[in-house]
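**Q** I would like to see how this sequence folds:
(2 chains)
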Amino acid sequence: MSSLSVPQSVPTPAEDCDQLRKAFQGWGTNESLIISILAHRNSEQRKLIRQTYGETYGEDLLKVLERELSSDFERALLLWVLEPSERDAFLANEATKMLTSNNLILVEIACTRSSHELFLVRKAYHARFKRSLEEDVAYHTAGDFRKLLVPLVSSFRYEGDEVNMTLAKSEAKVLHDNILEKAYSHEEIIRILTTRSKAQLSATFNQYNNVFGNAINKDLKTDPNDEYLKLLRSSIKCLTYPERYFEKTLRLAINKTGTDEWALTRVVTTRAEVDMQRIKEEYRRRNSIPLDHAVAKDTSGDYEKMLLALIGHGNAQV
Amino acid sequence: MALEDELQAVTKALSGIGIDENLLISALGKWNPVERKSFRKETSQFFLKDDRHFERWDDQQVKLLKREFLRFKNAMVLWTMHPWERDARLAKEALRDGPQSYGIIIEIACTRSSEELLGARRAYHSLFDHSIEEDLAYHINGSDRKLLVGLVSSYRYEGPRVNVETAQIESQTLHTAIKNAHKKKPKEDEDVVRILATRSKAHLKTIFNIYKETYGHNIHDELEVDSRLEEAVLCLGNPVTYFSKALDEALKSGSDENTKEALTRVTVTRCDYDIKEIKEEYNRHFGVPLCKSIEDKTHGNYKHFLLTLLARGD
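**A** Numbering: from 1, shown residues only, chains lettered A, B, ... in the order given. Next up, the predicted model:
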């Protein structure tokens, strides 16, 4: 569930733009005013604001934000204002240009978005970068990473609940046999992970656990430093228990010395409107401290205000 | 007509592609038992002499006839279908038929636009409760799997922007893979699959042009050793040529059912797109208008339907 809080009666896009314009004028920028507006509008509303701002003042709101703001706060706001599919396209493109450790972002996007959403991302990618997502991922990866990542970002999984238990049993065995032989990038593992529906995969992993006694991710932890295995485990987690994946990502980002702001920003801006409530519950359960407290302790200034506004804080629950 | 001529005409009406329904009605419909017996006695193409002293329909021939009678109905059903359902069903059928039909999957994956292919994938979900890549990957093994799943999963950029430097490098990559075919099958080369399955059509056409300029041959001519890659390259770079060839193969006498089916499939699926260019290419390459070939080699309602569709392209 979304953690976003939007006011009961929302000002018109024109009124919002007027306020935003005021926030940019004069010495410095009124960041609190910006947060009070943008962090409390949903995707559709933000789209209208951006459109109206462009029509009224002849400038793309994003460019203004880029100019007026800086560092983590700027990045958080820029990501937030983008539409979900544009945002994911931007993050994916960024990830392809960086080191292998950022392949995780591609896995995250490919596996936690719905089939329809993933296609919107691919479409947004065409529009912005004049190339296809899979073309860039393929070009910037090699070997096992390419074998896994290209089919993952190209998948268009069936979204029904139907499960074939016989198939789940046989594919659990196929996975297990290959894992035993350490053939982690075997065609069959890739095939199952990158083409089966999420419902079918859940059933398959449950079978795996029931029949072989270990959760599949446990068996894939043979080398905790192996980047490829990390991706494999993350895919499985993202496909079946995304809230747990996001909880862990947030926990690691916050606990890291100096904080991993990029990961923090990414998770908060991409999940605020989707399942942040669930993630908060998971975080509270695991860490005994509410997410907003942890974020407040670890961040400061406008960046902190922005994150807290999106996460929702001081609420009755959590 | 004298009976002799009529017997020949009826035999002809029952042979070839489609059935000449009108002739059958006007000839066969009039025959009395004696004339029909003559037909059975003299047409060993259809009837066998049974030991118990009667002329029996050859089962195999009845099967073939059944298919020919259905050709018109199949064409109608395909013509009225939503293009997404059409492509999804064609792909499913091809998968069921086995390797000899996988070319149809390549055809669909490579000649449709990105949005049309997405639509087909959506329809496939609805019709078959699976994703197309899931079924392909499950039923196809080896190097064909990577290529076909890759092609069917693509959502290519459709704009004109091309990076010529990259195209040059990739043309070289393809050439090297082709030259090393004796050591490693080109379709097992990671980069060959990457290029063909992910690059935009504009980019691919640039690659193919550079290839021709640099090495002096069309790339698809050099891929005769690997029919899947040849088909993919032709479908991606020069679909009009591909379709024109498919029609020619379908109209050749002695072609098998899979090959013949291309006649309906290509005409119905390309009628509203590039059938005009296909007709021109056919004429240029084979020296005879497509309509004439169809007039000569097909019969009945099926023929009239094809010709009507082809006329729409004018």
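**Q** what's the closest non-adjacent residue to residue A:174?
**A** residue A:188 (5.1 Å; CB to CB, 6 or more residues apart in numbering or on different chains). Quick note: C-beta positions are derived from backbone N, CA and C, even for glycine.
**Q** again with residue A:153
**A** Closest residue in space to residue A:153, ignoring its immediate chain neighbours: residue A:110 at 4.7 Å, by CB to CB, 6+ apart.
**Q** list of residues touching whichever strand or helix holds the one you found?
**A** For residue A:110, the enclosing helix or strand under DSSP states H and E is helix A:103-112. Here helix A:103-112 makes contact (CB atoms under 8 Å, 6 or more residues apart in numbering or on different chains) with A:88, A:91-92, A:94-96, A:118, A:121, A:137, A:141, A:145, A:149, A:152-153, A:155, A:227, A:230-231, A:234-235, A:238-239, A:242, A:245-246, A:249, A:266.
**Q** of those residues, grab the buried ones for PyMOL.
**A** To isolate the buried members of these in PyMOL, using 16 or more other CB atoms under 10 Å in any protein chain shown:
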select buried, chain A and resi 88+91+92+95+96+118+121+137+141+145+149+152+153+155+230+231+234+235+238+239+242+245+246+249+266
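**Q** neighbours of residue A:181, how many?
**A** Neighbourhood size, residue A:181 [other CB atoms under 10 Å in any protein chain shown]: 9.
**Q** confidence score at residue A:94?
**A** Residue A:94 is assigned a predicted lDDT (pLDDT) of 92.
**Q** can you tell me the element it falls in?
**A** Going by DSSP H and E, residue A:94 is in helix A:84-96.
**Q** and the average pLDDT for the helix holding residue A:110 is what?
**A** 96.
**Q** and for stretch B:284-299?
**A** 95.
**Q** how about stretch B:123-140, does it reach chain A?
**A** Yes: judged by CB under 8 Å from any CB of the partner chain, stretch B:123-140 and chain A are in contact via B:125, B:129, B:130, B:131, B:132, B:133, B:134, B:137, B:138.
**Q** give me the subset of those residues that lies in helices.
**A** Counting by DSSP state H, the residues of stretch B:123-140 next to chain A place B:125, B:132, B:133, B:134, B:137, B:138 in helices.
**Q** which residues touch the fifth one?
**A** Residue B:137 makes contact with A:191, A:194, A:195, B:145, B:149 under the criterion CB under 8 Å, 6+ apart.
**Q** let's have those residues in TSV, adding pLDDT.
**A** Listed next are these as TSV, based on pLDDT from 0 to 100:
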residue	pLDDT
A:191	97
A:194	97
A:195	97
B:145	95
B:149	97
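**Q** so which of the residues you listed is the closest to residue A:307?
**A** residue A:194 (33.0 Å; CB to CB).
**Q** for burial, what's the neighbour tally of that closest one?
**A** Residue A:194 has 26 neighbours, counted by other CB under 10 Å.
**Q** which helices and strands does the helix or strand of chain A with the lowest mean pLDDT pack with?
**A** Least confident helix or strand of chain A, by mean pLDDT, DSSP states H and E, is helix A:61-68 with a mean of 87. Secondary-structure packing of helix A:61-68 (3 or more CB pairs under 8 Å, 6 or more residues apart in numbering or on different chains; DSSP states H and E): helix A:13-24, helix A:43-57, helix A:71-81.
**Q** what's the burial count for residue A:217?
**A** Residue A:217 is flanked by 17 other residues according to other CB under 10 Å.
**Q** where does it sit: helix, strand or coil?
**A** helix (DSSP: H, G, I helix; E, B strand; the rest coil).
**Q** check contacts around the closest residue to it other than its chain neighbours.
**A** Nearest non-adjacent residue to residue A:217, counting by CB to CB, 6+ apart: residue A:233, 4.7 Å away. By CB under 8 Å, 6+ apart, the contact list for residue A:233 reads A:217, A:220, A:221.
**Q** that older thread, quick one: which two of the contacts of residue B:137 are the most distant?
**A** A:194 and B:145 (11.8 Å).
**Q** hmm, residue A:238 is touching residue A:245, no?
**A** Yes: in terms of CB atoms under 8 Å, residue A:238 counts as a neighbour of residue A:245; the distance is 5.0 Å.
**Q** contacts for stretch B:16-32, please.
**A** The contact list for stretch B:16-32 (CB under 8 Å, 6+ apart) reads B:1, B:6, B:9-10, B:12-14, B:36, B:39, B:65, B:68-69, B:71-72, B:251, B:253, B:260, B:263, B:297-303.
**Q** mind doing that once more with 7 Å?
**A** With contact meaning CB atoms under 7 Å, 6 or more residues apart in numbering or on different chains, stretch B:16-32 is reached by B:6, B:9-10, B:13, B:39, B:68-69, B:71-72, B:260, B:263, B:297-303.
**Q** so which helix or strand takes in whatever residue of the stretch 201-318 of chain A ends up closest to chain B?
**A** Per CB to the nearest CB, residue A:201 is where the stretch 201-318 of chain A lies closest to chain B, at 10.8 Å. Assigned by DSSP H and E, residue A:201 falls within helix A:198-212.
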